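Trainee: Could you look at this predicted model? Sequence included:
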Amino acid sequence: MFTPDHGFNQEYMQELNRALLIKLLRKEGICARTVLAKKSRLKQATVTNIINDFIEWGIVKEVGFLVGNKGRRSIGITLKNDEFGVIGIQLARKYFSVGVFDLSGNSVDQSKQEIGSAGTPKDTMKKISTEIRSFIEKHADRKMLAIGMAVPGPFSVKKGRIELMTGSSGWNDISIQDLLEEEFGLPVFLENDANCGALAQYWYNDEQYEKEVMVYIAAGAGIGAGIMNQGELVEGTLGMAGEIGHMSINFGGPRCACGNFGCLELYCSASAFVKEMNRVLKPAEDYTFAEAKELVKEGNPIAMEIYSNCCDKLGAGVVNVINAFNPAVVVIGDEMSHVSSKVMLERVKREVKIRVLPEVYENMIISMSVTKDSMLHGAAIVSLRDIFRDPKKYFSRE
Ligand SMILES: [Zn+2]
């Protein structure tokens, strides 16, 4: 049995209760104190005290009257979504996105920029900073509370650095977190991009996934997985759990930059897909990912075969994930899934059905991510989770 290393004193219980009420307000939009008490199963007086704190700190406001049971009127409480915000950033190998999100995690504004192949990691960080600054100025009516950033793995949470970004060197010399914290004076949270994808899926479906194992697979320039068990990320000792792109699917396969042989991402990442397209179709000038994707969309039979083959290999990777974690839900997202989500879902499901125990297959769901930018959303959610875990730290005027 899990034994905590500290007792639960009153302060800690209060922290949990505050976080719970904020979560309810986020889900309900506008909610009366009595309803909050009922849904949280807290005493009315406890709810009143916490809401009084929230009002004093300026995190919520009272709005109009709600007509409840038996026609009784009560005052509604709502989060000040228009007054506060967080910045989300997604760093990928070829591009980065920056966005402003409100307290409920809704996107207010966002942009995407390509990273030129000539640019160094330092140049990219400068561009990201410029974009953050312009968003902060553009949304000056909103007080920004924190910055969350999704970075490609393997990423060390403890060191705040990217350990290895295939195809782009120099990132492990940069402490991204220190850099952004110094420049903007806001708390900065970094998280592996696949973990961010998982957090975004969970944020919108937490009732559904609360007691389950849920895996989000980011099939992009690399392949990674975010694994959630009962609402918490499975991080691993160094925060590098879920690096399924470096799980071998071929014992004698080619050597990968990570040291392993026959790694999954050598067969089905966006980089592997483009490489194979160029090898087989031999265009006068190498295809970019966008061009290769377009050929599949146009129905080019060779392009479709190469893509389908990538999806089959991804299916073999998904089988390994299922055997390791027995998840209730596997959601697949990122660039490779946008080429043809229909084909990918069919091919992955087919491989899984052939390769896992029927009982396991019948008791789980495999689906494609419905949001295209769940990792950017997830980056913002990483910071929102900290804000909601301990709102006092961000809002209290003490
Ligand atoms: Zn590898």
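Mentor: Cool, the structure landed.

Trainee: Send over stretch 88-106 as PDB, restricted to the C-alpha atoms.
Mentor: Output of stretch 88-106 as PDB, limited to C-alpha atoms (Å, rounded to 0.1, in the frame of the first residue of the first chain):
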ATOM      1  CA  GLY A  88       1.700  27.700 -24.100                       C
ATOM      2  CA  ILE A  89       4.700  26.900 -26.400                       C
ATOM      3  CA  GLN A  90       5.200  23.800 -28.500                       C
ATOM      4  CA  LEU A  91       8.700  23.200 -29.800                       C
ATOM      5  CA  ALA A  92       9.000  20.700 -32.500                       C
ATOM      6  CA  ARG A  93      12.000  19.800 -34.700                       C
ATOM      7  CA  LYS A  94      10.800  21.800 -37.700                       C
ATOM      8  CA  TYR A  95       8.500  24.500 -36.200                       C
ATOM      9  CA  PHE A  96       7.300  26.100 -33.000                       C
ATOM     10  CA  SER A  97       3.900  27.300 -31.900                       C
ATOM     11  CA  VAL A  98       3.000  29.900 -29.200                       C
ATOM     12  CA  GLY A  99      -0.400  30.500 -27.800                       C
ATOM     13  CA  VAL A 100      -2.300  32.400 -25.200                       C
ATOM     14  CA  PHE A 101      -4.900  30.400 -23.200                       C
ATOM     15  CA  ASP A 102      -7.400  31.400 -20.600                       C
ATOM     16  CA  LEU A 103      -7.800  29.900 -17.100                       C
ATOM     17  CA  SER A 104     -10.100  27.200 -18.500                       C
ATOM     18  CA  GLY A 105      -7.600  26.200 -21.100                       C
ATOM     19  CA  ASN A 106      -9.400  27.700 -24.000                       C
END
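
Trainee: Now that stretch: average pLDDT?
Mentor: In this model, stretch 88-106 has a mean pLDDT of 93.

Trainee: Of all the residues in it, which ones are buried?
Mentor: 88-94, 96-103, 105 (16 or more other CB atoms under 10 Å). To be clear about C-beta, it is placed using only N, CA and C from the backbone, and glycine gets the same treatment.

Trainee: and of these, the nearest to the ion?
Mentor: residue 93 (14.8 Å; CB to the ion).

Trainee: Would you agree the closest one falls within a helix?
Mentor: No - note on residue 93: no helix contains this position according to DSSP: H, G, I helix; E, B strand; the rest coil, which reports coil.

Trainee: Skipping adjacent residues, who's closest to it in space?
Mentor: residue 221 (4.2 Å; CB to CB, 6 or more residues apart in numbering).

Trainee: In contact with that neighbour, which residues are there?
Mentor: Contacts for residue 221 (CB atoms under 8 Å, 6 or more residues apart in numbering) come out as 92, 93, 94, 152, 166, 167, 269, 270, 271, 335.

Trainee: can you pull up the bridge partners for residue 217?
Mentor: Assessed by DSSP bridges, residue 217 has beta-bridge partners residue 225, residue 332.

Trainee: Residue 329 is in contact with that one, correct?
Mentor: No - the criterion here is CB atoms under 8 Å, and residue 217 misses it with residue 329 at 11.0 Å.

Trainee: Give me the phi and psi angles of the residue nearest to residue 93.
Mentor: Reported as degrees, to the nearest 10, the phi and psi values for residue 221 are phi -60, psi -30.

Trainee: Looking at the buried residues of stretch 88-106, which are in strands?
Mentor: The strands, defined by DSSP state E, take in 88, 89, 90, 91, 96, 97, 98, 99, 100, 101 from these.

Trainee: Please verify my assumption that the second one contacts residue 150.
Mentor: To tie it back to what came earlier, the one meant is residue 89. Yes - Residue 89 lies in contact with residue 150 (CB under 8 Å); the separation is 6.9 Å.

Trainee: Surely residue 377 is in a helix?
Mentor: Yes - using three-state DSSP, the secondary structure at residue 377 is a helix.

Trainee: which one of the contacts of residue 221 is nearest the ion?
Mentor: Within the contacts of residue 221, the smallest distance to the ion is 8.2 Å, found for residue 166 (CB to the ion).

Trainee: Give me the pLDDT for the residue positioned nearest the centre of the chain.
Mentor: The centre of the chain sits closest to residue 196, judged by CA atoms, centre = their mean, with a distance of 1.8 Å. Note on residue 196: pLDDT of 95.

Trainee: again, but for residue 70
Mentor: On pLDDT, residue 70 comes in at 68.

Trainee: hmm, back to that, what touches both of residue 89 and residue 150?
Mentor: Contacts common to residue 89 and residue 150, judged by CB under 8 Å, 6+ apart, are 376, 379.

Trainee: The protein against the ion: which residues are in contact?
Mentor: Proximity of the chain to the ion, by CB under 5 Å from the ion, involves residues 246, 256, 258, 260, 263.

Trainee: what's the closest non-adjacent residue to the second one?
Mentor: Setting aside the residues directly before and after it, residue 256 is nearest to residue 263 in space (CB to CB, 6+ apart), at 4.0 Å.

Trainee: which residues in the stretch 251-398 of the chain form strands?
Mentor: Ranges of strands in the stretch 251-398 of the chain, per DSSP state E, counting those that start in this stretch, are 329-333, 365-368.

Trainee: If you tally nearby residues, what's the number for residue 107?
Mentor: Residue 107: 15 surrounding residues under other CB atoms under 10 Å.

Trainee: phi, psi of it?
Mentor: Backbone torsions of residue 107, given as degrees, to the nearest 10, read phi -70, psi 130.

Trainee: before we move on, what about residue 236?
Mentor: phi 90, psi 170.

Trainee: give the contact list for it.
Mentor: By CB under 8 Å, 6+ apart, the contact list for residue 236 reads residue 242.
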